[in-house]
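Enquirer: Need a 3D model of the sequence below.
(chains A and B)
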Amino acid sequence: MIRARFAPSPTGYLHIGSARTFIFNWLYVRKHQGTMVLRIDDTDADRNTEASLNSIYEGLNWLGLSWDEFHRQSERLEVHRKIAYNLLERGFAYRDFAPAAADLEDRPHAEGPWLCNPEMRGLSKEESDRRAAAGEPFVVRFRVQREPAYEIAFADEVYGPQSKLTADIEDFALLRSNGMPTYHLASCADDIELKITHVIRGQDHLSNTFKHILIFQAAGSYLPRFAHLPLLTAPDGSKLSKRRHGPVVSVTTYRDQGFLALAYINFLCLLGWSPKDNREQMTLFELTNAFNLEGVHRSNAVVNFSEADPIDPKALWLNSQHLRSMPVETLAPLVRRTLEDHGLAPYGDEAFFQHAIETIRTRFATLLDFSTKGRAYFADDFHIEQQALDKLNVPGARELLHELANRIEGDPQFTDASVEANLRKLAEERGVKAGVLINASRAALTGQPVGPSAFAVFVCIGRERVITRLRQV
RNA sequence: GGCGCUAUCGUCUAACGGUUAGGACGGAGCCCUCUCAAGGCUUAAAUAGGGGUUCGAUUCCCCUUAGCGCUACCA
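Expert: Numbering: from 1, shown residues only, chains lettered A, B, ... in the order given. Prediction:
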């Protein structure tokens, strides 16, 4: 039985890279009928905020992918400490009474990495116990075996065989001087306790995995399988950060930009993974079936955005593809929600509503378009754009539209074909090009210079409103 | 500095050691057309550099270069 976890730390909103990690975990778990564990890694009290936790939920909820178990590390501190003290007891760890390095920059890197403080590492048990009992603060460090040094090896499901000498691993901290566990300890302790079988996470942890294996082994635990994911970067190859790249790194931005959760998931999946059969647009079902760790890349993927164009064009394209191909019954509630969020109460019944969506969806890229470019299809208080105005300002156009309204009023059929016949006849009688009248009609009816076939628009908007709008210009 | 990872069109990616190096986004052009999309067709665009191994390297090995990650009492 597969058990995988997504373990964000609440130090910001849900990051686009974290979202992809969650999605890959979810896909893997669902494909193998396993258990998805959501674990909040909040052991760093100084940096964690409740606001950030909420924003992570917000992002996760929008994606709409569920989890089966939920845990918070801050509520599991005893589990972590128990393991740390067990390691201390058995000599796999020791107390370091040296004060924390005040300034990291001071640490001389010239002669290689810092490995340990030999004085502290060499402290006798009696001495260590005595100083601890006297209340001296200390950090618990893992005693990495170096004499003889040996090679730690594991096979990453994505990156393949990995190995590292213990001589290159520093005595990392397990417990801070305030008694809180570090990430390494808490993560491994919980992975053990929660019986996690697959650790699927960002590649930034690839080299940390050696430390984790040390902990797993010292704790006498089985080893989960590891799969590391390539990182998502900015176009210049740098790490995505809010400070430098702004809202493009937050999942909620895409939601607010009118993205469909599925399209966004689809887009994220294609970053660092490929079904290898040229498929691009895929449903959740297809993604779940196709997903495998073999298809995951080893090199980082760039999220393609710029200041002028903050959304990756491919994401936008994928969104428009889903927008036009998903079942209209599924899309309709999302559109309604978007309209309502923008203070619009769409008129008409559900059939009318869905017909309007069908009429315009192929030329929209996001849900937001329905409330802007598509406003006239759902409400009467739309604004006529300048370019549309230009089409209405053609000499004689308004009079023709008024006449067209009269003829439509007298048309018992009011179909695509009958409206077209009426319009073309009128144009011919008055010696104007049909196109001019067609464009003017669309402008009057929708406030837009462009849009669907004008005759489809007539039928979509409905006779009463068509007549009213044509007479109003 | 040390250790680790990575390297195919601008971007996302495909290619049992043998392909005219394929697809998609974006770009350009054409068709369709009442506008704009959509759709169809065409087109420009890549194996980082150097050595090996091999009859033959995008593919395997080494070096260089570049990028990224870790090297915290952050995760």
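
Enquirer: where do the strands sit along the stretch 201-350 of chain A?
Expert: Secondary structure of the stretch 201-350 of chain A (DSSP state E, counting those that start in this stretch): strands at A:225-229, A:232-233, A:301-302.

Enquirer: could you pull out the strands for the stretch 351-473 of chain A?
Expert: Counting by DSSP E, counting those that start in this stretch, the stretch 351-473 of chain A forms no strands at all.

Enquirer: can you pull out the strands in the stretch 1-150 of chain A?
Expert: In the stretch 1-150 of chain A, strands defined by DSSP E, counting those that start in this stretch lie at A:3-6, A:35-40, A:69-72, A:93-96, A:139-142, listed in chain order.

Enquirer: I'd like the ones you listed laid out as CSV, including mean neighbour count.
Expert: Just so you know, the C-beta spots here come from the backbone N, C-alpha and C atoms, and that holds for glycine as well. As requested, those are exported to CSV (neighbours: other Cβ atoms under 10 Å):
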stretch, mean neighbour count
strand A:3-6, 24
strand A:35-40, 21
strand A:69-72, 14
strand A:93-96, 22
strand A:139-142, 23
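
Enquirer: so which of those comes closest to RNA strand B?
Expert: strand A:139-142 (4.4 Å; Cβ to the nearest atom of the strand).

Enquirer: Which element is encountered next along the chain beyond the closest one?
Expert: Of the helices and strands lying after strand A:139-142 in sequence (DSSP states H and E), the nearest is strand A:151-156.

Enquirer: For the helix or strand following that next one, list the C-alpha coordinates in CSV.
Expert: Proceeding N to C from strand A:151-156, the next assigned helix or strand is strand A:160-165, under DSSP H and E. The C-alpha trace of strand A:160-165 is given here as CSV (Å, rounded to 0.1, in the frame of the first residue of the first chain):
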residue,chain,number,x,y,z
GLY,A,160,18.9,7.1,-10.5
PRO,A,161,21.8,5.8,-8.4
GLN,A,162,23.1,8.4,-5.9
SER,A,163,26.0,8.1,-3.5
LYS,A,164,27.9,10.3,-1.2
LEU,A,165,30.8,9.9,1.3
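
Enquirer: ok so, going back, could you dump the strands of the stretch 1-150 of chain A to TSV with mean pLDDT and distance to A:E119?
Expert: Output for the strands of the stretch 1-150 of chain A, formatted as TSV (pLDDT from 0 to 100; distance: least, Cβ to Cβ, whole Å):
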stretch	mean pLDDT	distance to A:E119
strand A:3-6	98	38
strand A:35-40	97	37
strand A:69-72	96	37
strand A:93-96	96	9
strand A:139-142	96	13
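
Enquirer: Turn those strands into a markdown table, columns for distance to RNA strand B.
Expert: Formatted as a markdown table, these follow (distance: least, Cβ to the nearest atom of the strand, whole Å):
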| stretch | distance to RNA strand B |
| --- | --- |
| strand A:3-6 | 11 |
| strand A:35-40 | 9 |
| strand A:69-72 | 12 |
| strand A:93-96 | 7 |
| strand A:139-142 | 4 |
